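>>> Build the 3D model from these lines:
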Amino acid sequence: MKNIKDVVVLVQARLGSQRIPRKMLKPVGGTNLFEICLGKLNRLKSIKQSQIYVSVWEEELKETAIRNQINIFHRSETSANSEGTPMTEMYEWWDKLPFKYCVLINGCAPFLEPETIDDFIEAYTKSDSDGMFGVIEKKNYFWNSNGVFLTPLKEDVMNTKLAKPVYEAAHCLYAGRLNKIGRGIWMGEFSKPNDIELYPLAEKECFDIDYPWQFDLYKSIHKNKEE
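Residues are numbered from 1 along each chain as shown. Okay, the predicted model is just below:
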């Protein structure tokens, strides 16, 4: 069990996306991905407002956060341009925020519901695991790059209902101990079975906008909803 007061909820954002320039503020109807995400943060019921932060460097993102009354961790330019290594550079807040645990939310998942985030936070605080990772359960057939069939089957028949489930990274919700980041560990050790607790999510909420076609598809869906 963890004390909820020891948990920070954080969204890390930047405008330097190479695939979709200025993705977080790119217009979608009368709003943008960053505004959509901040609106969800303001609707969370499991955590106090003082425990919710965005980690941003660009002034436009800071102004948007202030407008939405969200706390700001002032990210450095080095972190904003980091490609993920070293981890302490990417997640430079690890030893600068007064919390023990972090729930990190992907700001590019517009279908992720506040209630799902609340459920994830609650599950994490009740868990004995240091790390938790949102995943999508899949029942399908898989081969490796050498053509070796990987899916355990109960019967030799093409029926996915009989396939044992595997779990795909959802890239939406993550949780871990802040002090472990200083040792280069985020969530846990991937090579150790069950070191990271898996938390299944509904696939429909895990649409992660990473490529232009995904942004265009979401923009079309958003427009249809407005009409």
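
>>> ok, longest strand in the protein?
Secondary structure assigned by DSSP state E gives strand 166-177 as the longest strand of the chain.

>>> Packing partners of that strand?
Under the contact criterion of 3 or more CB pairs under 8 Å, 6 or more residues apart in numbering; DSSP states H and E, strand 166-177 touches strand 101-105, helix 114-126, strand 131-138, strand 196-200. Any C-beta I mention is one placed from the backbone N, CA and C, and that applies to glycine too.

>>> Enumerate the sheet neighbours of the first one, specifying parallel or antiparallel for every one.
For strand 101-105, sheet partners with direction are given as strand 7-12 (parallel), strand 166-177 (antiparallel), following DSSP bridges.

>>> picking up where we left off before, list of residues touching the longest strand of the chain?
100-106, 109, 112, 116-117, 120, 124, 130-140, 142, 151, 185-188, 198-201, 205-206, 208 (CB atoms under 8 Å, 6 or more residues apart in numbering).

>>> residue contacts, residue 127?
2, 197.

>>> That one and residue 1: what is the separation?
For residue 127, the distance to residue 1 equals 8 Å [CB to CB, to the nearest Å].

>>> Next: residue 26.
Per CB to CB, residue 26 is found 41 Å from residue 1.

>>> Tell me which of those two has more neighbours.
Between residue 26 and residue 1, residue 26 has the larger neighbour count (other CB atoms under 10 Å), namely 16 against 7.

>>> residue contacts, the more buried one?
Counting by CB under 8 Å, 6+ apart, residue 26 has contacts 20, 32-33, 215.

>>> just checking, what packs against the longest helix along the chain?
When the chain is parsed with DSSP state H, its longest helix is helix 212-226. Contacts defined by 3+ CB pairs under 8 Å, 6+ apart place helix 212-226 against no helix or strand at all.

>>> I appreciate the help and will end here.
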